[in-house]
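Colleague: curious how this folds, go ahead:
(2 chains)
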Amino acid sequence: MLQIRCQNLSLGYDRIPVSEPVSFEVKEGDYLCIVGENGSGKTTLMKTLLHLMEPISGEILWGDGVTKNQIGYLPQQAETKKDFPATVWEIVTSGCVGRGKSGLFLGREDKLLARRQMERLEISHLEKKSYRTLSGGQQRRVLLARALCAAEKILLLDEPVAALDPHATEELYRTIEKLNRESGVTILMITHDLSAVSRYASSVLHMGDTPLFYPTLSKYLENRGVGGKEGTHE
Amino acid sequence: MSELFSRLALYFSYPFVWYALIVGVLISLCSALFGVVLVLKRFSFIGDGLSHVAFGAMAIAAVLNFTNELIFVMPVTVLCAVLLLKTGQRGKLKGDAAIAVVSVGALGLGYLVLDLGSASANVAGDVCGSLFGSFSILTLSETDLWVCVVLSAAVLIVFSLLYRRIFAVTFDEDFARAVGIRASLYNLLIAVITAVIIVLAMNLVGSLLISALIVFPALSAMRLCRSFRSVTLCSAWLAVLGSASGILISLLASTPVGPTIVAVELGMFLLFLLVKRK
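Modeller: Numbering: from 1, shown residues only, chains lettered A, B, ... in the order given. Here you go, the predicted structure:
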């Protein structure tokens, strides 16, 4: 089932496009990796998909059961958040705030939803812990649980493993894979990690002056060569 | 000791002392609540800039002989809050530079206008009063009291009703926006309420010292507590405690009200700096 279709989407600031138009499709249960060098428009694409900015031209069509604001979003690790005084519970439940019926106060449904997502990501025992005392990997999981509270069908992950140690990286990849395989969550992941692309991706979008969309992983690997000689490792 | 109490009892037989205490506590309570948000959003300097704007506006109002200065000072400060927020987000001047320009500009022009146009014989004294707080907190009328009570109540109600949204926007603005919360609207609301608090607080501590009311309780609370809710509550308590004891001390020791409150809150903050962060 088609969830997102972008047709000739031109992205950029102040009406100056960052690249040629982008076209790609995302089906339910896909694991789309978005790769490309810094400045190639990955973040701009992400912001456009999240409705944080408008495309210059072209359009985004949303498929069955997905509407605006229904993408769960895992932002990049931000320095400013590192000493924010908030408990895991406060952060996870903040994902429920935008949900239609959820009004001014935390409802019973919200609490159930938050508990379920925390169990799913194995962070229930951290509920009362302070966010700033958690490890990098744990912080990522908390934000992932928040994203799932906001939207369960599609997750947009912006360099999720950046600044994580190898062990935490593996764990997080496994969690994401589990969400994708077992629960059918569609994953859109911006990444520089080309080994992860060849292990997990079902389709690949290569951003650059001329963005290229590969509907299957094998097509991408054929064109790029295994190991991603043309990519940048960072 | 008993002499101290009898002096206090005497002071509190005057209604204006009660007014000062109530207004002082309410204003610092509001500043402390929004202080948490401003500090965490890295907006503290907006508060500082706005207080200078309020001083400039006050000077103009004084020269133009407005009977009620609030009617002029409030809209001007609110307008500047909106403008500062907008330039901070996008614009030719970077946010912090814009704030520096506006705050120094307002301060300089304010004094200039007062010096040129004021009919008062003691311009320097007036200026000192509005910069560092005057004893005017002890000359509040019943109307002043009610204006302050109503506005503080409104601020408190808005804060508690929108608490969850304010948290979401403070913690992660992009995420909040992506899930459909109108973050720019909340930023605007935060800036406007900050402006209102600052104008109210000018009588209490003077425009140069307002930032202390906004920043100190929030920073102290962040040393002590680990959740957003407890930081907010703790900040509110510390502010109430600090301003009440500051006012009492200033009455007994005949020190200026504003600087005394600031000194008490600074003392608390330094004390909590020694406490290991949770």
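Colleague: neighbours around residue 221, how many?
Modeller: Using chain A. The burial metric for residue A:221, expressed as a neighbour count using other CB atoms under 10 Å in any protein chain shown, is 17. (Glycine included, C-beta is placed from N, CA and C.)
Colleague: chain B was what I was after
Modeller: Residue B:221 has 27 nearby residues by other CB under 10 Å.
Colleague: dump the helix or strand hosting it to CSV, keeping only the CA atoms.
Modeller: For residue B:221, the element it lies in under DSSP states H and E is helix B:210-224. Output of helix B:210-224 as CSV, limited to C-alpha atoms (Å, rounded to 0.1, in the frame of the first residue of the first chain):
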residue,chain,number,x,y,z
ILE,B,210,14.2,42.1,36.5
SER,B,211,16.3,39.4,34.9
ALA,B,212,17.3,38.2,38.3
LEU,B,213,13.6,37.4,39.1
ILE,B,214,13.4,35.4,35.9
VAL,B,215,16.7,33.6,35.9
PHE,B,216,17.8,32.9,39.5
PRO,B,217,14.8,30.8,40.8
ALA,B,218,14.8,28.8,37.6
LEU,B,219,18.6,28.1,37.8
SER,B,220,18.4,27.2,41.5
ALA,B,221,15.5,24.8,40.8
MET,B,222,17.4,23.2,38.0
ARG,B,223,20.2,22.3,40.4
LEU,B,224,17.8,20.7,42.8
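Colleague: touching chain A at all, it?
Modeller: Yes: counting by CB under 8 Å from any CB of the partner chain, chain A is contacted by helix B:210-224 at residue B:222.
Colleague: after that helix, which helix or strand is next? Please name it.
Modeller: Taking DSSP H and E, what comes next after helix B:210-224 is helix B:228-253.
Colleague: name the helices or strands packed onto the helix holding residue B:221?
Modeller: With contacts defined as 3 or more CB pairs under 8 Å, 6 or more residues apart in numbering or on different chains; DSSP states H and E, the secondary structure elements packing on helix B:210-224 are helix B:15-40, helix B:44-63, helix B:183-205, helix B:228-253, helix B:257-274.
Colleague: now that helix and helix B:44-63, what's the angle there?
Modeller: In terms of direction (axes from the mean of the first three to the mean of the last three CA atoms, to 10 degrees), helix B:210-224 departs from helix B:44-63 by 160 degrees.
Colleague: from what I see, residue B:264 and residue B:242 are in contact.
Modeller: Yes: contact status for residue B:264 versus residue B:242: in contact at 4.9 Å, counting by CB atoms under 8 Å.
Colleague: between the two, which has more neighbouring residues?
Modeller: Residue environment comparison for residue B:264 versus residue B:242 gives the larger neighbour count to residue B:242, 29 against 23, counting by other CB under 10 Å.
Colleague: looks like that one contacts residue B:261 (just checking).
Modeller: Yes: the pair residue B:242 / residue B:261 is scored as a contact, 6.3 Å apart, by CB under 8 Å.
Colleague: what's the overlap in contacts for those two?
Modeller: Taking CB atoms under 8 Å, 6 or more residues apart in numbering or on different chains as the contact definition, residue B:242 and residue B:261 share the neighbouring residues residue B:28.
Colleague: so which bits of chain B are right by chain A?
Modeller: Selection of chain B residues close to chain A by CB under 8 Å from any CB yields B:40, B:42, B:161-165, B:167-168, B:171-172, B:174-181, B:222, B:225-229, B:231, B:278.
Colleague: can you go through those residues and name the buried ones?
Modeller: With neighbours counted by 16 or more other CB atoms under 10 Å in any protein chain shown, the residues of chain B next to chain A contain buried members at B:40, B:162-165, B:167-168, B:171-172, B:174-181, B:222, B:225-228, B:231.
Colleague: if I look at residue B:207, how far off is chain A?
Modeller: Distance, residue B:207 to chain A, by CB to the nearest CB, to the nearest Å: 28 Å.
Colleague: now do that residue, the pLDDT please.
Modeller: pLDDT for residue B:207: 82.
Colleague: please list all residues in contact with the closest residue to residue B:232 other than its chain neighbours.
Modeller: The spatial neighbour of residue B:232 that comes closest, neighbours along the chain excluded (CB to CB, 6 or more residues apart in numbering or on different chains), is residue B:36 at 5.3 Å. For residue B:36, the residues meeting the contact criterion (CB under 8 Å, 6+ apart) are B:218, B:221-222, B:228, B:231-232, B:235.
Colleague: dump those into JSON lines; add distance to residue B:26 and pLDDT as well.
Modeller: As requested, those are exported to JSON lines (distance: CB to CB, whole Å; pLDDT from 0 to 100):
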{"residue": "B:218", "distance to residue B:26": "17", "pLDDT": "94"}
{"residue": "B:221", "distance to residue B:26": "18", "pLDDT": "94"}
{"residue": "B:222", "distance to residue B:26": "23", "pLDDT": "92"}
{"residue": "B:228", "distance to residue B:26": "22", "pLDDT": "95"}
{"residue": "B:231", "distance to residue B:26": "20", "pLDDT": "96"}
{"residue": "B:232", "distance to residue B:26": "16", "pLDDT": "96"}
{"residue": "B:235", "distance to residue B:26": "15", "pLDDT": "96"}
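Colleague: just give me the closest of these to residue A:106.
Modeller: Among the contacts of residue B:36, residue B:228 lies closest to residue A:106 (CB to CB), at 13.0 Å.
Colleague: is it true that the closest one touches residue A:90?
Modeller: Yes: Residue B:228 lies in contact with residue A:90 (CB under 8 Å); the separation is 5.3 Å.
Colleague: what sits in contact with each of the two?
Modeller: residue B:167.
Colleague: distance of the closest residue to residue A:217 other than its chain neighbours from chain B?
Modeller: If you skip the residues right next to it in sequence, residue A:217 has residue A:201 as its closest partner in space, 5.0 Å away by CB to CB, 6+ apart. Noted for residue A:201: a distance of 23 Å to chain B, by CB to the nearest CB.
Colleague: next, count neighbours for residue A:201.
Modeller: The criterion is other CB under 10 Å. On that basis, residue A:201 has 24 neighbouring residues.
Colleague: quick check: it touching residue A:176?
Modeller: No: the criterion here is CB under 8 Å, and residue A:201 misses it with residue A:176 at 11.5 Å.
Colleague: after whichever strand or helix holds residue B:144, next one along is what?
Modeller: Element membership of residue B:144 [criterion: DSSP H and E] is helix B:142-161. Remark: after helix B:142-161, the chain's next helix or strand is helix B:163-171, criterion DSSP H and E.
Colleague: ok, then the element right after that following helix?
Modeller: Counting by DSSP H and E, the next helix or strand C-terminal to helix B:163-171 is helix B:173-178.
Colleague: which residues touch that following helix?
Modeller: Contacts of helix B:173-178 with the rest of the structure, by CB under 8 Å, 6+ apart, involve A:50-52, A:69, A:71, A:73, A:75, A:94-95, A:97-98, A:146-147, A:150, B:165, B:168-169, B:183, B:186-187.
Colleague: show me which strand runs longest in chain A.
Modeller: What stands out as the longest strand in chain A, according to DSSP state E, is strand A:2-10.
Colleague: paired strands for it, with orientation please.
Modeller: Counting by DSSP bridges, the strands paired with strand A:2-10 are strand A:22-27 (antiparallel), strand A:57-62 (antiparallel).
Colleague: select from those the stretch with the lowest mean pLDDT.
Modeller: Of all the strands paired with strand A:2-10, the segment with the smallest mean pLDDT is strand A:57-62, scoring a mean of 85.
Colleague: restricting to C-alpha, output that strand in PDB.
Modeller: Output for strand A:57-62, consisting of C-alpha atoms alone and laid out as PDB, is shown next (Å, rounded to 0.1, in the frame of the first residue of the first chain):
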ATOM      1  CA  SER A  57       7.100  23.200  -6.300                       C
ATOM      2  CA  GLY A  58       5.800  19.700  -6.700                       C
ATOM      3  CA  GLU A  59       3.700  17.900  -4.300                       C
ATOM      4  CA  ILE A  60       3.600  15.200  -1.600                       C
ATOM      5  CA  LEU A  61       0.700  12.700  -1.900                       C
ATOM      6  CA  TRP A  62      -0.200  10.900   1.300                       C
END
